[in-house]
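1. Sequence unavailable; structure follows:
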């Protein structure tokens with residue numbers, strides 16, 4: 001097997017190529033609005049296919065709908081079975097206001113050691129790291145005992161119906177592996193003088209709640225003859241704004257707060273005080289703890305009214321809900337009933353986009369990730385903490401298939417994750433993180449799969 005430090009040196013030498021690949025991926029506007037036709041992921045898959053073919057790595061593009069491609073590539077092992085899967089997605093969220101961006105959102109401009117563009121961080125950076133790792137495995141002639149799958153899916157940003165969800169339903173054999181690495185973790189947190197990595201072992205559930213608010217129409221010049229649904233909407237929004245969800249400290253991260261020099265044992269009664277204490281020094285970690293200690297209910301869209309001179313009788317309010325693992329449908333309905341109580345003309349429907357899911361913290365893959373990350377960063381002082389993600393990823397499709405799936409991008413400890421601005425204005429990825437992520441993907445594949 002190739003020497004690990006030699007492989008890492010090869011990654012360092014490929015920095016320009018890694019940057020160019022990331023830029024090429026970002027410059028393809030594979031924007032997913034959520035309304036068909038959308039996505040345009042196939043051009044990204046074609047770029048990936050051609051990039052891998054330069055080292056004679058075969059891949060296939062499976063379209064779930066026209067122009068909604070999913071790419072699968074494989075490096076076969078001598079056992080005939082796969083041992084690890086690299087996962088990513090190729091779609092990106094829309095750009096709300098290009099004028100607010102420092103650089104054009106699909107320009108992939110380099111500035112201050114970062115590459116700027118929609119999708120640079122979510123998720124084309126991880127795809128770049130995985131692609132370069134796969135090519136280096138092939139280029140170095142590393143013989144594998146068990147094979148490696150690289151799967152880049154469509155439609156992650158709108159639920160995966162045309163991506164990993166479709167693959168899991170129609171081609172589960174192409175995703176068959178005991179372990180997988182995806183987005184949803186692997187960012188460093190510096191606290192109490194130590195470096196800690198968050199390993200994404202699971203995800204909160206995501207629900208979309210449609211609240212229908214009814215009134216009675218009338219001409220706007222005689223509004224007293226009707227019942228304006230907008231006023232009832234106002235009551236609903238006020239109630240949601242003051243909603244105080246039940247606090248909960250049952251997820252795994254709260255068993256590891258001592259790692260961050262937090263001495264108090266967390267409980268529902270003191271978790272807000274703990275969060276307040278660390279807010280100034282570590283706002284990102286405080287935000288994470290806040291998200292993982294409660295259900296969230298967030299209004300996101302409003303539709304209603306038919307004409308400017310008519311009192312609206314029907315309004316639809318869409319809300320995003322994120323649930324903790326044990327918070328089931330009954331729990332959500334109970335919370336909504338409390339929030340919307342005493343407001344007339346209201347009904348709601350719940351649509352599950354993703355149910356809570358998780359993998360065990362201890363496994364052969366988590367052991368390998370710890371070992372290789374230390375080697376790639378030349379650090380022996382890294383601490384590891386399991387956490388569930390407040391957002392959902394395609395990992396929720398592979399875990400039910402029996403695949404232990406972790407979120408881990410391998411961000412560099414000198415790269416501030418707050419600068420990623422994922423889904424926001426000026427999204428970017430640090431070049432240092434592209435390098436460290438590539439080393440870790442390459443190293444883990446060798447560690448887990450190479451013939452010993």
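-> Thanks, I have the structure now. Only a predicted model underlies this, so the values are computations on that prediction, with no experimental measurement involved.

2. which residues touch residue 389?
-> Contact analysis of residue 389 by C-beta atoms under 8 Å, 6 or more residues apart in numbering lists 184, 185, 200, 202, 203, 204, 407. C-betas here are computed from N, CA, C, even on glycine.

3. Find me the pLDDT at it, would you?
-> As predicted, residue 389 sits at a pLDDT of 89.

4. how near is the residue of the chain most remote from its centre to residue 311?
-> In the chain, residue 222 marks the outermost C-alpha relative to the chain mean, sitting 49.4 Å out by C-alpha atoms, centre = their mean. For residue 222, the distance to residue 311 (C-beta to C-beta, to the nearest Å) stands at 9 Å.

5. and if you look at residue 359?
-> In this view, residue 359 and residue 311 are 52 Å apart by C-beta to C-beta.

6. Same question for residue 364.
-> 64 Å.

7. The two - which one has more neighbours?
-> Neighbour totals were compared for residue 364 and residue 311, and residue 311 leads with 24 against 14 (other C-beta atoms under 10 Å).

8. hey, what's that one bridged with?
-> Residue 311 has these beta-bridge partners by DSSP bridges: residue 218.

9. cool, and the one 10 residues further on?
-> Beta-bridge pairing of residue 321 under DSSP bridges involves residue 207, residue 297.

10. Does it touch residue 210 like I think?
-> No - Residue 321 is not in contact with residue 210 according to C-beta atoms under 8 Å; the separation is 11.2 Å.

11. in stretch 242-256, what counts as buried?
-> Buried residues in stretch 242-256, counted by 16 or more other C-beta atoms under 10 Å: 248, 249, 251, 252, 253, 254, 256.

12. Kindly report the same for stretch 25-33.
-> For stretch 25-33, a neighbour-count test (16+ other C-beta under 10 Å) marks 25, 26, 28, 29, 30, 31, 32 as buried.

13. Format these as TSV; extra columns: secondary structure and distance to residue 173.
-> Formatted as TSV, the buried residues of stretch 25-33 follow (DSSP: H, G, I helix; E, B strand; the rest coil; distance: C-beta to C-beta, whole Å):
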residue	secondary structure	distance to residue 173
25	helix	27
26	helix	32
28	coil	29
29	coil	32
30	coil	26
31	strand	31
32	coil	26
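
14. what's the closest of those residues to residue 426?
-> Taking C-beta to C-beta as the measure, residue 26 is the one of the buried residues of stretch 25-33 closest to residue 426, at 13.0 Å.

15. Let me see the contact set for the closest residue to residue 355 other than its chain neighbours.
-> With C-beta to C-beta, 6 or more residues apart in numbering as the criterion, residue 355 has its nearest non-adjacent residue at 5.0 Å, and that residue is residue 205. For residue 205, the contact set (C-beta under 8 Å, 6+ apart) comprises 321, 322, 323, 324, 325, 327, 352, 354, 355, 356, 392.

16. contacts for the least confident helix or strand in the chain by mean pLDDT?
-> The weakest-scoring helix or strand in the chain, judged by mean pLDDT, DSSP states H and E, is strand 188-191 (a mean of 81). If you take C-beta under 8 Å, 6+ apart as the criterion, strand 188-191 is touched by 195-198, 260-261, 278, 281-282, 284-285, 411-413, 417.

17. Show me what the helix or strand that contains residue 23 is packed up against.
-> Following DSSP states H and E, one finds residue 23 within helix 15-26. Helices and strands touching helix 15-26, by 3 or more C-beta pairs under 8 Å, 6 or more residues apart in numbering; DSSP states H and E, are helix 42-53, strand 114-116, helix 124-139, helix 431-449.

18. can I get those in TSV with distance to residue 11 and mean neighbour count?
-> Shown next, in TSV, are the helices and strands packed on helix 15-26 (distance: least, C-beta to C-beta, whole Å; neighbours: other C-beta atoms under 10 Å):
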stretch	distance to residue 11	mean neighbour count
helix 42-53	16	19
strand 114-116	17	25
helix 124-139	7	25
helix 431-449	5	25
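
19. Run a quick neighbour tally on residue 74.
-> Using other C-beta under 10 Å, residue 74 is surrounded by 18 other residues.

20. Surely it is within a strand?
-> Yes - assignment of residue 74 by DSSP: H, G, I helix; E, B strand; the rest coil places it within a strand.

21. which residues touch it?
-> The contact partners of residue 74, taken as C-beta under 8 Å, 6+ apart, are 58, 59, 82, 147, 148, 149, 150.

22. so what's it bridging to?
-> residue 149.

23. distance of it from residue 141?
-> Separation of residue 74 from residue 141 (C-beta to C-beta): 16 Å.

24. give the contact list for residue 217.
-> Residue 217 sits in contact with 226, 310, 311, 312, 313, where contact means C-beta under 8 Å, 6+ apart.

25. was I right about the first one contacting residue 313?
-> Yes - contact between residue 226 and residue 313 holds when scored by C-beta under 8 Å: they sit 6.9 Å apart.

26. got any residues that touch both of those two?
-> Common contacts of residue 226 and residue 313 (C-beta under 8 Å, 6+ apart): 215, 216, 217.

27. Phi first, then psi, for the second one.
-> Spelled out, that is residue 216. Backbone torsions of residue 216, given as degrees, to the nearest 10, read phi -140, psi 130.

28. how near is it to residue 16?
-> In terms of C-beta to C-beta, residue 216 sits 66 Å off from residue 16.

29. Please identify which of these two sits among more neighbours.
-> Neighbours were counted for residue 216 and for residue 16 using other C-beta under 10 Å; residue 216 has more, 13 against 8.
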